[in-house]
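1. next comes the sequence, and after it the predicted model I'd like to discuss.
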Amino acid sequence: MKKKAVINNTPVCQVRMQAISDTMSILSGKWKFHILGTLIEGEKLGFMDLLREIDGIGSKMLSKELQDLESNHLVSRTVMDTKPITVNYAITKYGVTLSPIINELAKWGIAYRKSLHGSK
């Protein structure tokens, strides 16, 4: 006889799982953490600077991901009055709150890689 999985269906658990689902939805995809991490380190960067810094991302994907992050108030976009027009992107105050999470993910990834490969 197969045992049924026990699922904690308390209101606290439901709220927690909804919060995790919301977070994963906002931060899903291959590039969002790369963009956020780069902006946290670089503070304010132009589109081409981000394109150069994030290895492997294309301009269409960068543009789409920046729009998503901006609509979720994690990145701000400032159009400069220059010729040609330049656009700077910066991490918002709320976006900076992701810094400890990104740092912990990086630490975990380093430890995991080390456990598998014994180095790097």
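-> Yep, that arrived.

2. CA atoms for contacts and neighbours, from now on please.
-> Fine.

3. which other helices and strands contact the helix or strand hosting residue 48?
-> If you go by DSSP states H and E, residue 48 is part of helix 47-53. If you count contacts as 3 or more C-alpha pairs under 8 Å, 6 or more residues apart in numbering; DSSP states H and E, helix 47-53 packs onto helix 32-42, strand 86-91.

4. next, count neighbours for residue 79.
-> 11 (other C-alpha atoms under 10 Å).

5. how about the one 10 residues further on?
-> The burial count assigned to residue 89 is 21, neighbours taken as other C-alpha under 10 Å.

6. residue ranges of the strands in this structure, please?
-> 44-46, 75-80, 86-91 (DSSP state E).

7. mind giving me the packing neighbours of the first one?
-> This means strand 44-46. Going by 3+ C-alpha pairs under 8 Å, 6+ apart, strand 44-46 lies up against strand 86-91.

8. pairing partners for the strand it packs on, with directions?
-> Strand 86-91 has its sheet partners listed here by DSSP bridges as strand 44-46 (antiparallel), strand 75-80 (antiparallel).

9. would you mark the buried spots in the last one?
-> Pointing back at strand 75-80 there. 75-77 (16 or more other C-alpha atoms under 10 Å).
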